[in-house]
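Colleague: Quick check, what structure comes out for this input:
(one chain, ligands or ions: 2)
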Amino acid sequence: MNSYIKEGDNPDITEERKKASFNVDALTTFYHGGDKQLQNRREVEKYIEDHKELQDTRPTPFMSRDELIDNSLRKIAGMAKFNEMIDMNNIDRTTYFLQLVHVRDSMAFSLHYLMFLPVLNSQASPDQLSEWLPKSLSGTIIGTYAQTEMGHGTNLSKLETTATYDPKTSKWWPGSLGKFCNHAIIVANLWTNGVCEGPHPFFVQIRNLETHESLPNIKLGDIGPKLSLNGSDNGYLVFDHFRIPRNNMLMRYSKVLPDGTYVKPPNAKLAYGGMVFVRSMMVKDIANHLANAVTIATRYSCVRRQGEMKIGAGEVKILDYQTQQYRIFPFMSKVFAFRFAGQQLQEIYKEISKELKMGKLSQLADIHALSSGLKALVTFEVQQGIEQCRLACGGHGFSHASGIPELAAFSCGSCTYEGDNIVLLLQVAKFLMSNCTNSVSSGVCAYLQEKNSSKSSDLTTHQQYSDKQIIQDFEHVARKSVLRAFDKLRLTSQTCQKHEAWNRCSVELCKAARWHVRLYIVRNFLATIAIAQDELKPVLRALAQLFIFDLQVSNKGDFLENGYMKIQQIEELKEGVWQAMSTIRNDAVSIVDAFAIHEFELKSVLGRRDGNVYPGLFEWAKHSQLNKNDVHPAFDKYLAPIITKIRSRM
Ligand SMILES: CCCCCCCC/C=C\CCCCCC(=O)SCCNC(=O)CCNC(=O)[C@H](O)C(C)(C)COP(=O)(O)OP(=O)(O)OC[C@H]1O[C@@H](n2cnc3c(N)ncnc32)[C@H](O)[C@@H]1OP(=O)(O)O
Ligand SMILES: Cc1cc2nc3c(=O)[nH]c(=O)nc-3n(C[C@H](O)[C@H](O)[C@H](O)COP(=O)(O)OP(=O)(O)OC[C@H]3O[C@@H](n4cnc5c(N)ncnc54)[C@H](O)[C@@H]3O)c2cc1C
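Modeller: Ligands and ions are numbered 1, 2, ... in the order given. Alright, predicted model coming up:
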């Protein structure tokens, strides 16, 4: 019996659950990475269900900004009582606990956990750690990561905040900076002995630890309402010749000696490690936001009946329209593709950061390129997918009752923070160009050196399209795109300066970077489902085929070029798309059930597990302040006098 089926559920959604062709719990375990991860999730969910002080007092879309901040801090204060759930030895459970308490409200301490602690941990010297880490873990030190300025976020080399050894700019954007944190890791250009040594991180106290007032020569404030994340006080910080001790420069890798001598790090970019960490963590997390949106759109599409396919036969579930399936299912498949890529990226990051800690830097460029590429491509695709899921829900999708507007607003920030996506794709392109010049490329770039690649695809039918053939075809397209950009850059560089040539080729370079990342995702998706248990292979294969075939059909020009594929082969791939969607249709609700997203996270009337949407919408509307009185006071105040005057003249 499917554990998702319960008494009182909407009959349409129950009918869907009875169609499942696979074991939902088995897919949940596979999707979440095993029993231990699942147990972590269940513990956290039960814990929060049992502790009201960790829950929202009312749906957050009805809250003002002050209420959001209050709600966020109340839950943080509540969490402080439950520090048994903050276990640095069980990061997965701790991260989920933080995420399920705050969901998409972005709590006032996001940056403390997401960047301040990791950067301190990785950039501070052992002595600095022993002094600052215990207070930072206990919460007496609350920090943020303040790198971006009003005038500079991307171009770190031109940061105007200077840290002059013994010698005015504003930091702008950092989360929690405005009102709540009392410390910050400040990234500033270091000047010592009259030389600029580039961006470096500094540990800076910014508020009085007793009164919490801004320290002298520091101005702090909130930057104002944003598209989302309004539960966080993204702020500004103005330094005016603020002095800090030499020892407040994080000195694990580089140092300034008492006489001002600068000791170089093994690699200047080790100082950027915090950004690589967050980019590596973000991908799996942002894929989960797409999983939320796909869950909402899929479940709602099974309880929403609209229009008759056959006159007189009664209105159909909108998920029976092929167009509705095509709006949702490709993004359902992307949830798996991006989650598996994000999972793999976190594993790679963990391995490489161990090597970096031991001073082995050979993989630094690789992890920078991989984390930048996946962050740039996945955040953009997720933003597109959440919007399609909103559109799939029609008018109710536009209401905060659906949960989708909050998801859309939250996810789109990820295309900008932690590095603008275009800027990061250009970083991947730099990495690729340098691998084009290498005589031998290893790892993720080995395909660039393939000299005897096939001149045409040997795809026959989509049923027989093997993993090997798929990867060969994607390697062909990615290699062609990268080498075309390389040749364009080489030729352009013969007619103008290097930086101008780079700019004139930058669109092609971004296209090449995207194909490189897509190849990585496709390869990883196929490898991941190859190790799944047999009973899950059919549904996972259908999802992988949908992801891959739709990607090829949507970019058919790249596959048709130079006759690599024939139009008949593209038509064959289209058939594969329709076939995959038809296979997925009967399992759609069970696939999203397998994401096992708790109602606290989904925050959606349309996507609720029981499918009882319409009664739920009325319950939701009762929270509106406008419904406190039948006649709104503003009517009596402004409109009634005018209407009375008009009537008196009639
Ligand atoms: C659990 C997950 C939770 C997810 C979220 C939860 C919700 C929380 C809500 C909100 C959180 C928001 C957090 C956001 C925090 C921030 O936004 S922090 C600020 C982020 N800022 C950036 O990312 C700035 C982007 N700009 C840059 O990184 C650099 O300026 C640049 C890469 C664009 C350019 O670097 P630059 O040094 O100026 O010049 P280049 O010549 O391009 O690079 C020189 C060489 O250095 C290599 N490199 C560059 N960056 C890195 C790096 N990070 N790591 C390693 N190597 C790097 C680059 O490849 C060049 O190498 P070569 O010389 O060998 O080619
Ligand atoms: C929700 C949110 C939270 C944030 N939290 C923090 C935080 O906690 N700490 C922190 O330090 N920062 C934070 N930031 C700032 C964020 O990191 C920057 O906004 C981001 O790095 C982009 O930099 P920018 O704003 O300077 O954009 P810009 O670089 O000004 O981007 C504007 C446009 O210029 C283009 N562009 C810029 N440079 C180039 C180039 N070299 N080549 C081609 N095109 C280019 C971009 O592609 C983009 O289209 C946050 C931002 C947001 C939205």
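Colleague: The residue of the stretch 251-400 of the chain found nearest ligand 2: what secondary structure?
Modeller: Ranked by CB to the nearest ligand atom, the top residue of the stretch 251-400 of the chain for proximity to ligand 2 is residue 275, at 8.5 Å. (C-beta placed from N, C-alpha, C; glycine too.) Look at residue 275: counting by DSSP: H, G, I helix; E, B strand; the rest coil, its state is helix.
Colleague: Pull up the gap between it and residue 372, please.
Modeller: 9 Å (CB to CB, to the nearest Å).
Colleague: Need the overlap of contacts for the two.
Modeller: Counting by CB atoms under 8 Å, 6 or more residues apart in numbering, the residues touching both residue 275 and residue 372 are residue 419.
Colleague: So these two - more neighbours on which side?
Modeller: Shown here are residue 275 and residue 372; by other CB atoms under 10 Å, residue 372 has more neighbours (28 against 23).
Colleague: Surely that one touches residue 424?
Modeller: Yes - taking contacts as CB atoms under 8 Å, residue 372 lies within contact range of residue 424: 3.9 Å.
Colleague: related to what we said a few turns ago, the residue of the stretch 251-400 of the chain closest to ligand 2 is in contact with residue 418, isn't it?
Modeller: Yes - the pair residue 275 / residue 418 is scored as a contact, 6.1 Å apart, by CB under 8 Å.
Colleague: Residue 572 and ligand 2, how far apart?
Modeller: 38 Å (CB to the nearest ligand atom, to the nearest Å).
Colleague: Residue 136 now?
Modeller: Counting by CB to the nearest ligand atom - residue 136 and ligand 2 are separated by 16 Å.
Colleague: element containing the nearest residue to residue 86 once chain neighbours are set aside, please.
Modeller: Of all residues not flanking residue 86 in the chain, residue 94 sits nearest, at 5.5 Å (CB to CB, 6 or more residues apart in numbering). For residue 94, the host element (DSSP states H and E) is helix 91-102.
Colleague: pLDDT score for whichever residue of the stretch 451-600 of the chain sits closest to ligand 2?
Modeller: Closest to ligand 2 within the stretch 451-600 of the chain is residue 506: 6.3 Å, counting by CB to the nearest ligand atom. We have a pLDDT of 98 for residue 506.
Colleague: low-confidence ranges in the protein?
Modeller: Along the chain, segments meeting pLDDT under 70 span 1, 88, 106, 108, 165-169, 439-442.
Colleague: Would you mind naming what in it lies close to ligand 2?
Modeller: Contact residues, the chain versus ligand 2 (CB under 6 Å from any ligand atom): 111, 144-148, 152-154, 173-175, 229, 234, 413, 416-417, 419-420, 422-423, 426.
Colleague: Just to be sure, which of those residues are found in helices?
Modeller: Members of the residues of the chain next to ligand 2 lying in helices (criterion: DSSP state H): 111, 413, 422-423, 426.
Colleague: Please check those residues and keep the buried ones.
Modeller: 111, 413, 422, 426 (16 or more other CB atoms under 10 Å).
Colleague: Residue 572 and residue 609, how far apart?
Modeller: 38 Å.
Colleague: now residue 387
Modeller: 24 Å.
Colleague: helix/strand/coil for residue 308?
Modeller: Going by three-state DSSP: residue 308 is coil.
Colleague: Give the closest residue to the residue of the stretch 151-300 of the chain found nearest ligand 2 in space, chain neighbours not counted.
Modeller: Nearest residue of the stretch 151-300 of the chain to ligand 2: residue 153, at 2.5 Å (CB to the nearest ligand atom). Among residues not flanking residue 153 along the chain, residue 173 sits closest, at 6.9 Å (CB to CB, 6+ apart).
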